[in-house]
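Engineer: Provide a 3D model corresponding to the input given below.
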Amino acid sequence: MNKSTRFILAGFAALGLASAMVVSTLPAGAEASVNFGDPSVGFRDQQTGAYLRIDLDSTDAGAGGFYFSAPGVGLVVPAAPATLDKRSSNDDSRDDGGESNEKHDAQFRYEGPAAQYAAAPLAGDISEPAPSGPSTATTVRVIGHADTAKRTASVEVWIGKKHFNLKAAPAPRTAGKVITSVITALKATDLGAIYDLGDPSLRHGLTKAQFITAMSASKSGSVTAITATGATSYVTTSAGVDFALVPITFAYTKDATPNEVNAHLRLIYTGGQWRYMTMQPDSTPANYDTTAPDPQAP
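Structural biologist: Predicted coordinates:
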């Protein structure tokens, strides 16, 4: 892990507080490319873990480029781009009145050879796969429809004889109860509850006991207050990741000195539920130790 880009566990441990986790930026590998770069869009089926990334801009040099990732399959990269339906491609056009008429619907299809990387890591919530390990030749058939404005997609995929029905839609705006639980856990420095509420990236592969031990070792201050200061905003990234962002003030005491930081709680929608991901300061606090290490399993 690049410590300079993400403090998954250390976070406010750099301030001497074990109860909060901070992210400065998403990992550099979060936008790894496979045969094409942006503009491309991602669609994830939260129930099955299947993920499709595709370039739907027919004016782009990489138009139709895509890959597919799913449990039991790994990563599948086709030998050629998908065919886009020009009547519904995600382009800007002009109607008879000379007005811009942006189309967000896109239909696409592909049938042909592909390389399958069965050992490649699956597309994670904040990371994308890259071809790795040996590949085998396979065939892939894709028939799909996506709405890039509504962030929805319905895609039928056949990898050899395996069939997938990918259904993607934005996360429901129902993070309120989880946000309340997160704030309560942070106020109480309840590391067990934070672990239970956290997404896998926050846990960093640690067991609950290891997490509590590692985070407790970094504690030298105390939380005095956490207050939500605004409404929750919901964001879906181009990669198809859903976040809920909550502005807060975070008050704490360190070395007998009171401090207050403006920050955002970041929740991520994964596996069909909202999970606590990080606390991100709006600006770097004066007493923030950027050399603080990530806690490791004891």
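
Engineer: how is the chain divided into domains?
Structural biologist: Per the record, the chain has its domains at 6-27+172-281, 47-168, by automatic domain parsing.

Engineer: got these as a markdown table, with mean neighbour count and distance to V41 columns?
Structural biologist: C-beta coordinates here come from the backbone N, C-alpha and C atoms, glycine included. Putting the domains of the chain into a markdown table (neighbours: other Cβ atoms under 10 Å; distance: least, Cβ to Cβ, whole Å) gives the following:
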| stretch | mean neighbour count | distance to V41 |
| --- | --- | --- |
| domain 6-27+172-281 | 18 | 5 |
| domain 47-168 | 17 | 6 |
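
Engineer: want to try CSV for these, with mean pLDDT as columns?
Structural biologist: Formatted as CSV, those follow (pLDDT from 0 to 100):
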stretch, mean pLDDT
domain 6-27+172-281, 80
domain 47-168, 82
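
Engineer: ramachandran coordinates for K187?
Structural biologist: Backbone torsions for K187, taken as degrees, to the nearest 10, come to phi -60, psi -40.

Engineer: cool, S132 as well?
Structural biologist: Per degrees, to the nearest 10, the backbone of S132 is at phi -150, psi 150.

Engineer: I'd guessed it sits against A118; true?
Structural biologist: No. Applying Cβ atoms under 8 Å, one finds S132 not in contact with A118, separated by 10.3 Å.

Engineer: circling back: now render the domains of the chain as a markdown table, adding distance to S40.
Structural biologist: Shown next, in a markdown table, are these (distance: least, Cβ to Cβ, whole Å):
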| stretch | distance to S40 |
| --- | --- |
| domain 6-27+172-281 | 7 |
| domain 47-168 | 4 |
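
Engineer: let me see the ranges of the strands in the stretch 151-298 of the chain.
Structural biologist: For the stretch 151-298 of the chain, the strands defined by DSSP state E, counting those that start in this stretch cover 152-159, 162-168, 221-228, 233-236, 242-254, 257-270, 273-281.
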